[in-house]
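**Student:** here's my sequence, what's the structure:
(2 chains)
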Amino acid sequence: MKNILAYLLPVILLAACGRADNRNDAASLPRTFNFEKLQLKTISTVINPAKGTTSTLYGNANALLALRVPDSARAGEKTLVLVTWKQQEDARWFGARIPAGLEMIEVVKTGTAFKDPAQAQYQRYNEKGTAVSATNDEQQQRIGFITSIKPAVMP
Amino acid sequence: MRLNKKTKIVVALLLLAFLAAQFYRPTIAVEKPDEKRLAHFSPEVDAILRRACFDCHSNQTALRWFDKITPANWLVADHIAKGRAVLNFSTWNDMAKPDRNAKLWEAVNQAIQGAMPLKSYALVHGAARLSVNDIQVLKNYVKELAPKQEADTAKEAALASQYASLVEEKARPDTLPADVNGIAYIPEYKDWTPISTTQRVDNGTIRIIFGNEVAVKAIREHHTNPWPNGTIIAKVAWDQLTDKQGNITTGAFKQVEYMIKDDSKYKATAGWAWARFKTPALVPYGKTSTFTMECVNCHRPMKDNDFVFTAPIQH
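**Tutor:** Here you go, the predicted model:
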């Protein structure tokens, strides 16, 4: 009897309080990263099929304009944030792949042009929002990749 | 139990009414298949669809005796009329190939989610119920229809031409377009928070889904089922563009779609307004106001999730 109740209780609670809330919790960004405060624009999204990851690139207005015209030497601070998730099959639509657990967040900042990667600063955060280190080579390689992403066409 | 005279008369009258009603029946047209227009996939897939879907989604309806009894037949006729109107395998080849592929993926997804065949029908038509193996056969078949993911110069050129007009800011029309239902294009979506992304293997697109402020607040407060009135969800779709390293990114812009929540104003369409604008010229989709039934029908398997597929990510 106790067992039955244990099974039934969540069902009863669900029925009483309405339907289950709909969120992708594993993919959500750590509060400590304070994404909202950065007030970034969405630039594009990139999938790495070999690694099974999906990333979305965000940046301040300055960074977005600089990426759109690659050779422009726009003055002012540019911030790019690339958030990467593991991919999973969408249980709700056969044929779709959606973000699963958060993998990492990378931040690139520069005051000069993006084509000058040596001037840019790079910082990586893990899925908990804790800063983690990356070798110099890795940093240069990632800065090169992140600053080469073309903004998506959004009319 | 012995019935008194009054009861006997009532029963007799009811029986008579029931018999008389049998003469009053809907007409359900059944035609010989036109082979040129009829859907043919693989023998296994054909067998499954004929068994589970053809009664309502073809002109070759094969009704059982119990389907023909009034009043059941009126319900059956209604299902058939509605079913044929949205999906008819007898006229399948009238559709263009990309539309056929999209419809088949949709059909398989409705079957996977248990939304089709209709539950009330499957209850009495045991043979129509789909087994785990049936579902697997359908999945394997549509998987082969998915576009190959590879570098494609035509797609690169399509993006390049959109890009040129974007940088010159001449792509967007001067006034904001609105569709047949009066829903206008909302340019602000790109400043909203992205709540998820999708790679659509089925149709070779890549998408970002944005939520407006109301949506973002609802996500933060765990109030996403149902979503509050004022929520707007925008979904932007691009071609998948594969680069030399094999990464997939956004190619040419295809369309933006909106779902706008107002459970009283849009009660007839599941509590949401539905709108779609295609190409950078933002051409409104839908010739008549009922085009939204297409949206609602495909989203229907998510009815316990407020008709929303996306599980939103809190940023």
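**Student:** surely A:Met104 and A:Gln123 touch.
**Tutor:** No - the criterion here is Cβ atoms under 8 Å, and A:Met104 misses it with A:Gln123 at 10.7 Å. For the C-beta atoms, the positions are set from N, CA and C on the backbone; glycine is no exception.
**Student:** for the closest residue to chain B within chain A, give me its contacts.
**Tutor:** In chain A, the residue that lies nearest chain B is A:Gly95 (3.2 Å; Cβ to the nearest Cβ). By Cβ atoms under 8 Å, 6 or more residues apart in numbering or on different chains, the contact set of A:Gly95 is B:105, B:109, B:142, B:146, B:200-203.
**Student:** name the SS class of A:Thr112, please.
**Tutor:** Secondary structure, DSSP: H, G, I helix; E, B strand; the rest coil: A:Thr112 is coil.
**Student:** which residues touch the residue in chain B that chain A sits nearest to?
**Tutor:** Closest contact between chain B and chain A, by Cβ to the nearest Cβ, is at B:Asp202 (3.2 Å). The contact partners of B:Asp202, taken as Cβ under 8 Å, 6+ apart, are A:94-96, B:101-102, B:105, B:142, B:145-146.
**Student:** ok, so of those, who is nearest B:Thr288?
**Tutor:** B:Ala102 (19.9 Å; Cβ to Cβ).
**Student:** excluding residues flanking it in the chain, which one is nearest that closest one?
**Tutor:** B:Asn203 (6.3 Å; Cβ to Cβ, 6 or more residues apart in numbering or on different chains).
**Student:** do you know the pLDDT at the residue of chain A closest to chain B?
**Tutor:** For A:Gly95, the model assigns a pLDDT of 97.
**Student:** quick check: closest non-adjacent residue to it.
**Tutor:** B:Asp202 is the one closest to A:Gly95 (Cβ to Cβ, 6+ apart), at 3.2 Å.
**Student:** and if you look at A:Glu36?
**Tutor:** B:His315 (6.7 Å).
**Student:** list the residues that contact the one you found.
**Tutor:** Contacts for B:His315 (Cβ under 8 Å, 6+ apart) come out as A:28-29, A:35-36, B:193-195, B:216.
**Student:** out of those, which one has the weakest pLDDT?
**Tutor:** The lowest pLDDT within the contacts of B:His315 belongs to A:Glu36, with 90.
**Student:** which strand or helix spans that residue?
**Tutor:** Per DSSP states H and E, A:Glu36 falls inside helix A:35-38.
**Student:** next SSE after that helix?
**Tutor:** strand A:41-48.
**Student:** other residues contacting that next one?
**Tutor:** Outside strand A:41-48, the residues touching it (Cβ under 8 Å, 6+ apart) are A:53-61, A:63-64, A:67, A:80, A:87, A:97, A:149-152, B:190-191, B:194, B:197, B:199, B:206, B:208, B:210, B:246-250.
**Student:** in its sheet, what does it sit against?
**Tutor:** strand A:53-59 (antiparallel), strand B:248-261 (antiparallel) (DSSP bridges).
**Student:** and the pLDDT at residue 72?
**Tutor:** I'll assume chain A. 67.
**Student:** the intended chain is chain B.
**Tutor:** The model's pLDDT for B:Ala72 equals 85.
**Student:** that one - nearest residue in space that isn't next to it in sequence?
**Tutor:** B:Phe66 (6.7 Å).
**Student:** if we can go back for a sec, who wins on neighbours among the contacts of B:His315?
**Tutor:** Neighbour counts for the contacts of B:His315 peak at B:Ile195, which has 25 neighbours (criterion: other Cβ atoms under 10 Å in any protein chain shown).
**Student:** what about that residue, which helix or strand?
**Tutor:** With DSSP H and E as the test, B:Ile195 turns up in strand B:193-200.
**Student:** output the contacting helices and strands for the next helix or strand after that strand.
**Tutor:** Counting by DSSP H and E, the next helix or strand C-terminal to strand B:193-200 is strand B:205-211. Other helices and strands packing on strand B:205-211, by 3 or more Cβ pairs under 8 Å, 6 or more residues apart in numbering or on different chains; DSSP states H and E, are strand A:41-48, strand B:193-200, strand B:232-242, strand B:248-261.
**Student:** same thing but 10 Å
**Tutor:** strand A:41-48, strand A:96-110, strand B:193-200, helix B:213-220, strand B:232-242, strand B:248-261 (3 or more Cβ pairs under 10 Å, 6 or more residues apart in numbering or on different chains; DSSP states H and E).
**Student:** among those, which comes closest to A:Asp21?
**Tutor:** helix B:213-220 (9.3 Å).
**Student:** that closest one near chain A at all?
**Tutor:** Yes - shown here: helix B:213-220 in contact with chain A (Cβ under 10 Å from any Cβ of the partner chain) through B:216, B:218-220.
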